Structures are given as structure tokens and as C-alpha cells.
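Engineer: Sequence first, then the predicted structure, then my questions.
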Amino acid sequence: MENATRERIEALLAANPVVLFMKGDRQAPRCGFSATATGMLDQLLGDYLTVDVLADQDIREGIKAYGQWPTIPQLYVKGELIGGSDIVANMFNSGELHTLFDQPVPDRTPPKITITPTAAEAIKAGMDDDPSLALHLSIDGRWQAQFMLKPAEGSELVAESAGIRVLVDLATARRADGLEIDWVEGLTESGLKISNPNAPAAVADLSVTDLAAMLERGEAPLLFDVRPPADRLAYPFQAARALDADAMAELNDADRSQPMAFICHHGNASRQAAEHFRGMGFSKTFNVTGGVDAWAQQVDSDFPRY
């Protein structure tokens, strides 16, 4: 690693007590492991620094050499490497991460899960007889559920229904409380059907023409611009607020029923940001389809295309 890269990393760690080197950023993670890490940190911290390694090849390779850790993301606290996504998840589930950040001990009450008899039969038929394997349920920040057979790690919570033991991590436990699992037969395929009363409504599309009409009437949702700072500076979109650290800190304590919309260049990063906040429990999230490029074509021809 070049000395200049090492100095940049050390400067970041010296200036910020909590730093997550990740793919993407806090508002729009660009890999599942980074999304997992930010999802857990967001529940414990109002403010921390994320460094997008995809935007800087020197940092991407340099941070691996700096901490002698081969994967991304990497969490540093007070200059010390804590570990990657799996270690962060294990510490979160055990409560160690809460203690590290002086947060209250987490509630470890198992979630109430209901499995219908038909679903229970299907699950038992699909389980391996290997006694070292347990049935795990994971619900990620986008409320997508996944079952896995793997050994227990020891920090999981255990829910039981219809003779089925289901192991969940701490984040999943809160998302899974009240979950109903059924088995449905279809014309072309059959499978488990999961009904989750906790899941917020899906991210809705908002066209630029509808956004313009809402702004005209003064009825637009909170609108955030998630473009990179250089783009926002060069091509400002006056109707939106930058999704910066100050905004993130405010939203951490905001009313989860407050409608929120996100806009970017073409509508891709904004959808990831909307999904991120949906995962935080915001129930009315919108993605401005086509972004500012569509705005320039369909609403305001004076807005520059780039």
C-alpha cells in the first residue's frame, strides 16, 4: 500500500469515531453484506461515516492491506478494526455491538410465528435429517424472507410453531413478530406463502409529471436528492434537499408515516435509497422514476441534461 493511501485511511479513522468501509453508501448500499451492516448500525447510531470503496480503487485495495482483512465491508470503531459483515451481525445479535456503542441491552423476546399444519408438513419434508443443521429464517432490510439450513451459532432467538423450531437473528426477530407461514398450491408451482403484518408498503413509483403537479399544489412528500455532491452542486434541483448527514440524523427520529420521495440522475440510486428507508420502517416511500433526466425532458427543458 502506498504511503499516501495509508495516510488517507488514517486521517479518516482519526477524524471519525465510527467508519464503515463499504460498497455504496449509507443511503444506497450496493451489496447485500454492506446493506446488512448499515441496517444494524442504523438501529444503534444516528451518525457514522461510510466510505464507498467502489468510488476509490486505492481505498478499496488499501483498506484490505491496512487491516489485513480481505473482504468488504469493514467496520472501524475508534481506529480499531471490528470486522466484516458476519462479525458485525454476530455482535449485534449477541448484544456486544449495543454495549460497544453504550446502547441499552436489546430485547431478546422470541417473535411469535404461526406455521399452518400444511406448511409444517412441507417444511419437515424439505429438511435434512442432519441433526447439526437448524432451520434459520432471515428477513433483510427490504423485508425479503429467506429460509436456510445451517448450524446454529448460539446467539439466535428460537421461535416454535406446529413442531417447527425456527432460529432468527435479532434484527429478524423484530421484523418477524406476528408472521404467518402457509403453504399454497398453484397451477404451475407451489410454495410457502409468508404474510408479514410488519412490512411497510412497497416503494411506489412517482412520475416527474406527478411530482411537478404535487409541488405546484404544495402537496409533495419530503423530497431528497441522492445524487453525488458534485452533481448536486453542478446541476442543483431546488425542490429537493440533499440526503446528507444532517438529514440522516433528523430522519433517524422522524415520524415513520411521513411520506418521502427520492430523486437521482436516472432513478436507480433513488430506488435503492427508498428501499433503505422502507427497511427502516418508513411506510410511504416513493421513487421518482427517470430522475432529473426525466425532469429535464418532460417538465423543465431549462434543466440541463448530463
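Structural biologist: Sure thing, it's come through.

Engineer: Excluding chain neighbours, what is closest to residue 265?
Structural biologist: Spatial nearest neighbour of residue 265, chain neighbours left out: residue 291 (4.9 Å); criterion: Cβ to Cβ, 6 or more residues apart in numbering. C-beta coordinates here come from the backbone N, C-alpha and C atoms, glycine included.

Engineer: residue contacts, that neighbour?
Structural biologist: Residue 291 makes contact with 263, 264, 265, 266, 267, 268, 270 under the criterion Cβ atoms under 8 Å, 6 or more residues apart in numbering.

Engineer: Can you add distance to residue 253 and pLDDT and give these back as a markdown table?
Structural biologist: A markdown table is the format used below for these (distance: Cβ to Cβ, whole Å; pLDDT from 0 to 100):
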| residue | distance to residue 253 | pLDDT |
| --- | --- | --- |
| 263 | 23 | 98 |
| 264 | 25 | 97 |
| 265 | 29 | 97 |
| 266 | 31 | 97 |
| 267 | 28 | 96 |
| 268 | 28 | 93 |
| 270 | 23 | 95 |
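
Engineer: which one is residue 280 nearest to, not counting chain neighbours?
Structural biologist: Per Cβ to Cβ, 6+ apart, closest to residue 280 is residue 42, 6.3 Å.

Engineer: Give the buried residues for the host helix or strand of that neighbour.
Structural biologist: Using DSSP states H and E, the element containing residue 42 is helix 32-44. For helix 32-44, burial by neighbour count (16 or more other Cβ atoms under 10 Å) applies to 33, 34, 35, 36, 37, 38, 39, 40, 41, 42, 43, 44.

Engineer: Can you tell me which of the contacts of residue 291 end up in strands?
Structural biologist: residue 263 (DSSP state E).

Engineer: Generate the PyMOL command that creates a selection of the buried members of the contacts of residue 291.
Structural biologist: Those of those that count as buried under 16+ other Cβ under 10 Å are selected in PyMOL with:
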select buried, resi 263+264+265+267+270
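
Engineer: Determine which two of the contacts of residue 291 are furthest apart.
Structural biologist: Using Cβ to Cβ, the pair of the contacts of residue 291 lying farthest apart is 263 and 268, separated by 11.2 Å.

Engineer: contacting residues around residue 208?
Structural biologist: 288, 289, 290, 294, 295, 298, 299.

Engineer: Can you give me the pLDDT of it?
Structural biologist: pLDDT recorded at residue 208 is 97.

Engineer: distance of it from residue 265?
Structural biologist: Note on residue 208: its distance to residue 265, by Cβ to Cβ, to the nearest Å, is 13 Å.

Engineer: same deal with residue 82?
Structural biologist: According to Cβ to Cβ, residue 82 stands 34 Å off from residue 265.

Engineer: returning to that earlier point: the residue nearest to residue 280 contacts residue 249, correct?
Structural biologist: No. Here residue 42 does not reach residue 249: they are 11.2 Å apart, not a contact under Cβ atoms under 8 Å.

Engineer: Okay, and the beta partners of the closest residue to residue 67 other than its chain neighbours?
Structural biologist: Of all residues beyond its chain neighbours, the one nearest residue 67 is residue 81 (4.2 Å), with distances taken as Cβ to Cβ, 6+ apart. With DSSP bridges applied, residue 81 shows beta-bridge pairing to residue 76.
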